[in-house]
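Colleague: missing the sequence, but the structure's below:
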């Protein structure tokens, strides 16, 4: 028996139940891992609430990323050995002391990267990587806006984009978060609660607008984000922490300057094994050489996962959070 957090019905954080479960031996192609750290992400709340349906239905164990050590191998697994330190992003099931997982989704954690760093950066860090290097190829000529700059992905984006030479603008909800964003690569930080953030972006860019707006907030920043983008620029809507976007007429994109729009997800960018290895490799290298520093600002015990969700949804967390089994 191992302890895990299970969702029997979707809803608020109270549906997260701490239970004991039976764990069979790993099947062919799988390994059994013991978690040493588990990542907390906003997407976890989407599955818990039912906004995103769990692929296998109810009940399910939430959690999309973790790190740990291989403790048993299923038939046919030759890419890993017992004792290897590993990390992953997806599939669901991370909120557990131990789990079985396909070997194909695991990457080895290199020296110079801790288990907690790996657990905190796989989903957020690989998201930052595809946003900056694939969805829009950020260079020293790029001016970008990132909403929720003091969040887990936001702090990584700020550091990485700044290292690429970009002009980096971020929005935050408090002066404390503004200071945190400024310390992590954002040259311009806008408190959207006390400032006209659209006006400030136009001012910062001398009326031109940004090349790309990265918007993981959703309802609260639409359609105003479109007014921050230069003609033929890109609106990248990759999350919805404030709620889902309303239905809208595509004609608004032409009205705002022939804008491009995309709704990407990480798993489309790491679907092939070589894509996963390349993305994780770039991320680990950026952490190892100091380009990206992973700040773990909150830690919760697995049994306290409901409180972690309450704090996350209440915007009381900054940077990365890890769950300790």
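Modeller: Cool, got the structure. All values reported here derive from a predicted model rather than from experimental measurement. Numbering: from 1, shown residues only.
Colleague: let me see the contact set for the residue positioned nearest the centre of the chain.
Modeller: Geometric centre of the chain, nearest residue: residue 124, 3.0 Å, by CA atoms, centre = their mean. The contact partners of residue 124, by CB atoms under 8 Å, 6 or more residues apart in numbering, come to 39, 41, 152, 153, 156, 320. C-beta: built from backbone N, CA, C; applies to glycine.
Colleague: likewise for residue 14?
Modeller: residue 306.
Colleague: check the gap between it and residue 310 for me.
Modeller: 9 Å (CB to CB, to the nearest Å).
Colleague: likewise residue 35?
Modeller: Residue 35 sits at a distance of 22 Å from residue 310 (criterion: CB to CB).
Colleague: which one of those two is surrounded by more residues?
Modeller: residue 35 (24 against 15; other CB atoms under 10 Å).
Colleague: quick check: closest non-adjacent residue to the more buried one.
Modeller: Leaving aside its chain neighbours, residue 35 sits nearest to residue 68 (4.2 Å; criterion: CB to CB, 6 or more residues apart in numbering).
Colleague: any idea what that neighbour is bridged to?
Modeller: Beta bridges link residue 68 to residue 35, residue 86, judged by DSSP bridges.
Colleague: got the contact list for residue 158?
Modeller: The neighbours of residue 158, taking CB under 8 Å, 6+ apart as the test, are 146, 149, 168, 170, 181, 184, 185, 186.
Colleague: what number of residues lie near residue 292?
Modeller: 25.
Colleague: let me fix that: residue 71
Modeller: Neighbours around residue 71, by other CB under 10 Å: 14.
Colleague: before we move on, what about the one 4 residues further on?
Modeller: Burial measure for residue 75: 10 neighbouring residues, criterion other CB under 10 Å.
Colleague: secondary structure element holding it?
Modeller: For residue 75, there is no enclosing helix or strand under DSSP states H and E.
Colleague: list the contacts of it.
Modeller: 27, 28, 29.
Colleague: so how far is residue 31 from it?
Modeller: Distance of residue 75 to residue 31, given as CB to CB: 11 Å.
Colleague: ditto for residue 281
Modeller: For residue 281, the distance to residue 31 equals 20 Å [CB to CB].
Colleague: out of these two, which sits in the busier spot?
Modeller: Relative neighbour count places residue 31 above the other of residue 281 and residue 31, with 23 against 13, counting by other CB under 10 Å.
Colleague: rewinding a little: which pLDDT value goes with the residue nearest to residue 35?
Modeller: Reading off the confidence values, residue 68 has pLDDT 98.
Colleague: my read: it touches residue 115, true?
Modeller: Yes - between residue 68 and residue 115 there is a contact under CB atoms under 8 Å: 6.9 Å.
Colleague: now residue 116: phi and psi?
Modeller: phi -60, psi -40 (degrees, to the nearest 10).
Colleague: next, count neighbours for it.
Modeller: Residues lying near residue 116 (other CB under 10 Å) number 19.
Colleague: I'd like the numbering to begin with 63 instead of 1 from here.
Modeller: In the new count, where the first residue is 63, that last one comes out as residue 178.
Colleague: quick check: phi and psi on the residue nearest to it when sequence neighbours are not counted?
Modeller: Taking CB to CB, 6+ apart, and ignoring the residues beside it in sequence, residue 178 has residue 99 as its nearest neighbour in space, at 4.6 Å. Backbone torsions of residue 99, given as degrees, to the nearest 10, read phi -160, psi 150.
Colleague: distance of residue 266 from residue 280?
Modeller: Counting by CB to CB, the gap from residue 266 to residue 280 is 23 Å.
Colleague: could you do residue 374 as well?
Modeller: 15 Å.
Colleague: more crowded one of the two?
Modeller: residue 374 (22 against 19).
Colleague: now the helix or strand harbouring the more buried one: buried residues?
Modeller: Using DSSP H and E, residue 374 maps to helix 367-375. For helix 367-375, a neighbour-count test (16 or more other CB atoms under 10 Å) marks 367, 368, 370, 371, 373, 374, 375 as buried.
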